[in-house]
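Undergrad: give me a model of this one.
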Amino acid sequence: MSLFIPTYFSPISQYSEIVKTDKLIFEIDDNFQKQSYRNRCYIYNSNGKQLLSVPVKHLTKDSRKKTKDTLVENDFPWQDQHFKSLQIAYRTSPFFEFFEDDLAPIFEKKYTYLQDLNIDTFLFLTDALQIETTFSKTQEYKFEPTGKDFRLLAEIKQQPEKLVEKYIQMFDDKHGFIPNLSILDLLFMEGQMLLVIYKKLF
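TA: Predicted structure coming up:
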């Protein structure tokens with residue numbers, strides 16, 4: 001049993017642990033943290049590392065908001081922008097076309113809660129990677145939970161020193177290897193070969 005915070009098209013560091021567990025619990029009772037992987041991911045485009053950030057509705061400065069109560073801000077077409085960014089960055093990658101149709105519905109559905117969006121990205125990725133794992137959600141926040149605690153992997157500044165082994169990236173001839181991007185970067189470059197190599201990479 002492993003505890004994770006649901007994140008937006010999670011970084012490779014998170015999936016390096018997800019692939020090792022068959023029972024996953026999503027922490028939804030923590031306080032939402034700005035500038036974390038909860039509502040952002042990083043991809044690789046022709047200019048280097050690109051941020052894709054999901055806008056969320058914020059309360060007053062003195063108010064705290066739990067992950068499960070975090071609302072998506074849909075006043076502008078962020079989904080169109082994100083999907084177009086992925087298409088531009090990866091349209092010539094080996095496997096983007098293979099997953100594009102299954103990915104598209106996430107950018108067509110209007111989400112109210114951020115956690116629903118993040119869980120849908122998780123379901124897409126576990127299906128694409130053929131990872132067999134079940135998940136549940138927390139009922140309360142625990143400082144010292146049972147099982148393995150990977151909640152810190154949702155924080156950008158709390159990543160492990162040892163990440164995935166190097167793999168070929170779209171623009172590494174221009175900008176070099178960029179570690180710990182969204183798992184989408186690895187998926188679009190390696191595709192179904194991940195079924196064979198992810199245990200080695202992770």
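Undergrad: just give the nearest non-adjacent residue to residue 96, would you?
TA: Computed as Cβ to Cβ, 6 or more residues apart in numbering, the closest residue to residue 96 that is not its neighbour in sequence is residue 90, at 4.0 Å. Any C-beta I mention is one placed from the backbone N, CA and C, and that applies to glycine too.
Undergrad: need the pLDDT of the one you found.
TA: Per-residue pLDDT puts residue 90 at 97.
Undergrad: give the burial count for it, as a bare number.
TA: Residue 90 has 23 neighbouring residues, counting by other Cβ atoms under 10 Å.
Undergrad: repeat that for residue 160.
TA: Neighbours of residue 160 (other Cβ under 10 Å): 11.
Undergrad: after the helix or strand hosting residue 43 comes which helix or strand?
TA: Using DSSP states H and E, the element containing residue 43 is strand 40-45. Later in the chain than strand 40-45, the nearest helix or strand by DSSP H and E is strand 48-53.
Undergrad: how far off centre is that following strand?
TA: 13 Å (Cα atoms, centre = their mean, to the nearest Å).
Undergrad: buried ones in it?
TA: Residues 50, 52 are the ones in strand 48-53 that count as buried (16 or more other Cβ atoms under 10 Å).
Undergrad: that one pairs with which strands, and in what direction?
TA: Applying DSSP bridges, strand 48-53 is found paired with strand 40-45 (antiparallel).
Undergrad: pLDDT averaged over the partner strand, what's the number?
TA: Mean pLDDT, strand 40-45: 96.
Undergrad: one more: stretch 93-109?
TA: Here stretch 93-109 scores 95 as its mean pLDDT.
Undergrad: ok, longest helix in the protein?
TA: Criterion DSSP state H: the longest helix present in the chain is helix 114-129.
Undergrad: and it, what other elements does it pack with?
TA: helix 12-18, strand 71-72, helix 96-103, helix 183-190, helix 194-201 (3 or more Cβ pairs under 8 Å, 6 or more residues apart in numbering; DSSP states H and E).
Undergrad: could you list the buried residues of that helix?
TA: 114-115, 117-119, 121-122, 124-126, 128-129.
Undergrad: now those in a markdown table, with distance to residue 27 and pLDDT?
TA: Formatted as a markdown table, those follow (distance: Cβ to Cβ, whole Å; pLDDT from 0 to 100):
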| residue | distance to residue 27 | pLDDT |
| --- | --- | --- |
| 114 | 13 | 96 |
| 115 | 10 | 95 |
| 117 | 16 | 98 |
| 118 | 11 | 97 |
| 119 | 12 | 97 |
| 121 | 16 | 98 |
| 122 | 13 | 96 |
| 124 | 20 | 96 |
| 125 | 18 | 94 |
| 126 | 18 | 90 |
| 128 | 23 | 91 |
| 129 | 21 | 87 |
